[in-house]
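> predicted model, plus sequence, below.
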Amino acid sequence: MAPILGGPADVHILPGEEITSSFRLQDFRLQRDDTAPRGGETAGMITSLTSDRHAGSDQPRDVSRSLTSPSGMLAVLGLCGFAAHMLVAGNYGYFRDELYYIAAGHHLSLGYVDFPFLIALLAWLVDRIAGDSLVAIHVVPALANGALIVVTGLIARELGGRRRAQAVAAAGTLFCLTFLATGAIFSMDSLDELWWALIALLVIRLLRGGDHRLWLAVGATAGLGLATKVTILFFLAALGGGLLATPARAHLRSRYAWMGAGVAALFLAPYLVWEFQNGWPTLPYWHNYLATLLPPSPLNFIAQQAYVMNPLTLPLWLGGTYWYLRGRGGPELRALGIAFIALFVYFAFTPTKSYYLAPAYPMMFGAGAVWLEARFAAARRGWWHWGYLGALAVSGVLLAPIAMPILPPPTFARAYGFLGSDAGAEIALHQNAVLPQWLADRFGWESLTREVATVYRRLPVPERRDACIFTNDYGEAAAIDVLGPASGLPPAISGNNSFYFWGPGHCTAQLVITVGVPLREVSAAFRQVSVAGNSSCSYCMPQENGLPILVAGDPRQPIGRLWRSVEQLN
């Protein structure tokens, strides 16, 4: 790659390609039309540039030009992703983990057993702004998904891609099965994907001659990632290894690189303090959690990646891998290809879920789109992107009901039941349901809460004041915490994960309504036990259907001893 001009826009000539421009992040709003002028088009370009001084003379045409500019096009695609998720934000019900994060927002802390503090803080913030709102809680993942789409396009731009490459890269993310699913759930995953992509974008900018002070932005973004989901450490380690294995290692000598690492560590410090104070409970949690994952199968992992990322994105991430490793953008950018390969191999040979590698794909989509653009430009097939974009769009429409709460469950069963458990996406060991787990776990919580409220109201008033509700797992406890107040229920307690560390509250165990706890276990802890009811739901996960609801009294031990016996980190 031979630079021919300097300044804010570093223009390069790539072998076999036309002139392309690489812009700094701050140039996003001022991006010039990257459709390179040829011959008689130069006058049109000059007219376009000078017409900005007379915007009021032709506003409709200016709006049209803005929307079709590279930046406007990416904004439109990002808004499409956001709007698609908001259109279905009120469908079905709360996802199991959404209820858990909302409950965590009622117990703000420096950390939790199975996640850092940021997601709980966001849940608290949404609750303060909008209250208990199924639609409002989904604004966060929808925004993250829209931003991820835009960042993917910006990665292609930073790598030298023109408007077509940027559109294809962004569309790859827009119509990706995994990103369609995570954008519909208030969870760590949608944010985690965004932080990985932003780090990749910033590092690419650095490796292409950006100011070394960008390391501070990398550190801040990594810090947000660590405050969201600590598995971003895998990406940071792989990226660090890639930098060390290439000439890009020279960038690590900058003092700003180490200052950025310090910034990231500051975000992680509160979580480490919480872990230390509570005896590092996340370690046994992860030990138990790994037992629920699928055993390693490299061939199956490869097949799953093709499916959960949308089979039509294969040319993007395979081409992106080739583009990085062949050094098409310069030898330093090989670091990103090495990082991706390292992560791919690691997850292929360890117990995993099919979506664990998903956050690494936007940087591959960006490079793959640039590779495709160069290939088709050399073959003089300027129409290629329309056909590919159309195919991606059709596939996205077909995949969307698998990922998002769009179809009524009976309709889903008829249309997609042939795909089998979890619609063909293997994510964990569990009983099969009519719907995939990420959709089925939105059902059953309201009916469970109603059944528990019925049992609670049957108690005599004096006993009701002292009664507490104990559940077998965090999903049931969180449902009662979030949905129960409308029915007059007290907060639930549980020994599962972070609920254990929130303690028994005011519960004396003199009278306990248990949910999902086997009769023999309750009888071992209480002298008086009666069956009061069972939960019932049609489309929930099977383990949430038919849960026993018991009323227990006369405990065999004081609440302190009972509480120490109920801890379960899984």
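Cool, the structure landed. Residues are numbered from 1 along each chain as shown.

> could you give the bridge partners of Ser530?
Beta-bridge partners recorded for Ser530 (DSSP bridges): Val551.

> test my guess that it contacts Leu550.
Yes. Assessed by C-beta atoms under 8 Å, Ser530 is found in contact with Leu550 at 6.7 Å. The C-beta positions use only the backbone N, C-alpha and C, and glycine is treated the same way.

> got the domain ranges for the chain?
Residue ranges for each domain of the chain read 70-89+138-391, 409-440, 445-564, as given by automatic domain parsing.

> quick one on the thing from earlier: and Ser530 and Leu550? which has more neighbours close in?
Leu550 (23 against 10; other C-beta atoms under 10 Å).

> excluding its backbone neighbours, what's nearest that one?
Leaving aside its sequence neighbours, Leu550 sits nearest to Thr514 (C-beta to C-beta, 6 or more residues apart in numbering; 4.7 Å).

> what of Val150?
Using C-beta to C-beta, 6+ apart, the nearest residue to Val150 is Gly78, at 4.2 Å.

> same thing with Trp445?
Ala479 (3.9 Å).

> please apply the same query to Ala391.
Ala391 sits nearest to Leu312 (C-beta to C-beta, 6+ apart), 5.6 Å away.

> and the residue nearest to Trp445, what does it touch?
Tyr94, Leu99, Trp445, Glu446, Leu448, Thr449 (C-beta atoms under 8 Å, 6 or more residues apart in numbering).

> ok, the residue nearest to Ala391 touching Leu389?
No. Between Leu312 and Leu389 there is no contact under C-beta under 8 Å: 10.4 Å.

> check whether Pro409 really touches Tyr539, as I assumed.
Yes. Between Pro409 and Tyr539 there is a contact under C-beta under 8 Å: 4.4 Å.

> joint contacts of those two?
With C-beta under 8 Å, 6+ apart, Pro409 and Tyr539 have common neighbours Val434, Leu435, Phe443.

> which one among these gets closest to Asp473?
Phe443 (15.8 Å; C-beta to C-beta).

> tell me the contacts of the closest one?
Tyr92, Gly93, Pro409, Leu435, Cys537, Ser538, Tyr539, Cys540.

> filter those down to the buried ones.
Among these, those buried by neighbour count (16 or more other C-beta atoms under 10 Å) are Tyr92, Gly93, Pro409, Leu435, Cys537, Tyr539, Cys540.

> those residues in strands, which ones?
Counting by DSSP state E, no part of the buried ones among the contacts of Phe443 is found in strands.

> adding distance to Trp317, write these out as CSV.
Compiled in CSV, the buried ones among the contacts of Phe443 are given as follows (distance: C-beta to C-beta, whole Å):
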residue, distance to Trp317
Tyr92, 31
Gly93, 34
Pro409, 32
Leu435, 28
Cys537, 38
Tyr539, 33
Cys540, 34
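
> inside helices: which ones of those?
If you go by DSSP state H, the buried ones among the contacts of Phe443 have Pro409 in helices.

> including distance to Phe276 and pLDDT, could the buried ones among the contacts of Phe443 go into a markdown table?
Shown next, in a markdown table, are the buried ones among the contacts of Phe443 (distance: C-beta to C-beta, whole Å; pLDDT from 0 to 100):
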| residue | distance to Phe276 | pLDDT |
| --- | --- | --- |
| Tyr92 | 39 | 95 |
| Gly93 | 37 | 95 |
| Pro409 | 45 | 93 |
| Leu435 | 40 | 89 |
| Cys537 | 40 | 91 |
| Tyr539 | 42 | 91 |
| Cys540 | 38 | 92 |
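
> pretty sure Tyr355 is touching Gln305, no?
No. Counting by C-beta under 8 Å, Tyr355 does not reach Gln305; the two are 9.4 Å apart.

> please pull out the lowest mean pLDDT helix or strand from the protein.
helix 41-50 (a mean of 35; mean pLDDT, DSSP states H and E).

> quick check: nearest residue in space to Phe344, chain neighbours excluded?
Leu357 is the one closest to Phe344 (C-beta to C-beta, 6+ apart), at 6.3 Å.

> how many neighbours does the one you found have?
Applying other C-beta under 10 Å, I find that Leu357 has 24 neighbouring residues.

> now do the one 10 residues further on
Neighbour count for Ala367, taken as other C-beta under 10 Å: 33.

> tell me who's in contact with it.
Ile155, Ala156, Leu159, Gly319, Gly320, Thr321, Trp323, Tyr324, Gly329, Leu333, Leu336, Gly337.

> now do it against Trp323, distance only.
Distance from Ala367 to Trp323, counting by C-beta to C-beta, to the nearest Å: 4 Å.

> just checking, what packs against the helix or strand where Ala227 lies?
Under the criterion of DSSP states H and E, Ala227 resides in helix 214-228. In terms of contacts (3 or more C-beta pairs under 8 Å, 6 or more residues apart in numbering; DSSP states H and E), helix 214-228 is packed against helix 118-130, helix 188-207, helix 232-244, helix 255-277.

> how far off helix 255-277 does that helix point, in degrees?
Inter-element angle recorded for helix 214-228 and helix 255-277: 20 degrees (by axes from the mean of the first three to the mean of the last three C-alpha atoms, to 10 degrees).

> now helix 214-228, how far from the centre of its chain.
16 Å (C-alpha atoms, centre = their mean, to the nearest Å).

> repeat that for stretch 487-499.
The answer for stretch 487-499 is 26 Å, by C-alpha atoms, centre = their mean.

> coming back round to it: are any of the contacts of Ala479 buried, and which?
Buried among the contacts of Ala479 (16+ other C-beta under 10 Å): Tyr94, Leu99, Trp445, Leu448, Thr449.

> any chance of CSV for those residues, columns pLDDT, secondary structure and distance to Pro284?
Shown next, in CSV, are the buried ones among the contacts of Ala479 (pLDDT from 0 to 100; DSSP: H, G, I helix; E, B strand; the rest coil; distance: C-beta to C-beta, whole Å):
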residue, pLDDT, secondary structure, distance to Pro284
Tyr94, 97, coil, 28
Leu99, 97, helix, 23
Trp445, 96, helix, 27
Leu448, 96, helix, 28
Thr449, 97, helix, 30
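
> can you pick out the most distant pair from the residues you listed?
Top of the distance list for the buried ones among the contacts of Ala479 (C-beta to C-beta): Tyr94 and Leu448, 11.7 Å.
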